[in-house]
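Visitor: using only what follows, build the 3D model:
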Amino acid sequence: MSSKRIESKNPSRKSGPLSRASRFFYAKSNWVTALLATSVFASYIFFFLMGQGKAFEVANSSVKSLGTSLGFGQAEILAFLTERSNQMINAYINFNQVWDSLFALIYGIMYVAWVSILFKPYSKKVGVLNLFPFAQVLFDWLENFSLAALSKQYLAEGTISSSTALIASTSSIIKWVFSLLVYGVILVGIVMRIVGALKRRSQR
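Guide: The predicted model follows:
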């Protein structure tokens, strides 16, 4: 038997890491794992993220964290850093590099689990769509480490790089765009599941 015929009967051998990861989440995701991931997501916000954010919080400040803004300019970043002490800026660096980056991974896995459940019956048609939420995670990480780099530069030089500020701002905007798209994908999945259930019910 030729190698081509073997590969055609074993397509998994030809699949890349994305396809394998996609199949893994389709296989492992169920209502229990999705609800568990959602519980971890909510608990992390309440017990960890909110507490870490208070370390650099300024009373009556219009912006508590740059990452919650839909883009920001160099002036906004400088204003954010200027009104904070060195200790608070160091806490902000740690927040971006550790706590917020871990949060991105947690919500990414949660969204992937939900998308995997909703599109599991259509997995052969939609392929790696269930991994789409990880795109948001990647841009969130890029934003986080750009902001951390800007904060370190400000502590050392008292100024920030305009190019790095642009990367951080652009990443923030793309992150939020992907966030809306992820919610759109989940909504489509819910509608498809409801329509499918109604069709099966009408055929009985």
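Visitor: give me the most central residue, the protein.
Guide: Geometric centre of the chain, nearest residue: Val137, 2.9 Å, by CA atoms, centre = their mean.
Visitor: name the helix or strand for Trp114, please.
Guide: Secondary structure from DSSP states H and E places Trp114 in helix 100-119.
Visitor: give me the neighbour count for Ala149.
Guide: Ala149: 19 surrounding residues under other CB atoms under 10 Å. Yep, even glycine has a C-beta here, placed from its N, CA and C like the rest.
Visitor: now do the contacts for it.
Guide: 161, 164 (CB atoms under 8 Å, 6 or more residues apart in numbering).
Visitor: and it, which of the three is it?
Guide: Following DSSP: H, G, I helix; E, B strand; the rest coil, Ala149 is assigned to helix.
Visitor: distance-wise, check it relative to Asn94.
Guide: Using CB to CB, to the nearest Å, we find Ala149 at a distance of 13 Å from Asn94.
Visitor: tell me where the protein has helices.
Guide: Taking DSSP state H, the helices of the chain run over residues 3-9, 17-28, 31-44, 50-53, 74-82, 86-94, 100-119, 123-126, 133-157, 162-202.
Visitor: tell me which of those sits nearest to Asn60.
Guide: With CB to CB as the criterion, Asn60 lies closest to helix 74-82 of these, at 13.5 Å.
Visitor: the closest one: how far from the chain's middle?
Guide: In terms of CA atoms, centre = their mean, to the nearest Å, the centre of helix 74-82 is set 25 Å apart from its chain centre.
Visitor: go on, stretch 32-52?
Guide: That offset, for stretch 32-52, works out to 14 Å (CA atoms, centre = their mean).
Visitor: likewise stretch 175-182?
Guide: With CA atoms, centre = their mean as the basis, stretch 175-182 stands 9 Å off its chain's centre.
Visitor: among the helices of the chain, which comes closest to Lys64?
Guide: Lys64 lies closest, by CB to CB, to one member of those: helix 50-53, at 6.6 Å.
Visitor: what lies in contact with that closest one?
Guide: Here helix 50-53 makes contact (CB under 8 Å, 6+ apart) with 64-65, 91, 94-95, 99.
Visitor: do the same with stretch 30-43
Guide: For stretch 30-43, the external contacting residues (CB under 8 Å, 6+ apart) are 106-107, 109-110, 113-114, 117.
Visitor: pLDDT value on Asn60, please?
Guide: Listed pLDDT for Asn60 reads 80.
Visitor: for it, give its distance to Lys120.
Guide: Computed as CB to CB, the Asn60 to Lys120 distance reads 48 Å.
Visitor: who has more neighbours, those two?
Guide: Lys120 (17 against 5).
Visitor: and the residue lying closest to that one once chain neighbours are set aside, what does it touch?
Guide: Closest residue to Lys120 apart from its sequence neighbours, by CB to CB, 6 or more residues apart in numbering: Tyr26 at 5.5 Å. Residues in contact with Tyr26 (CB under 8 Å, 6+ apart) are 116, 119-120, 123, 130.
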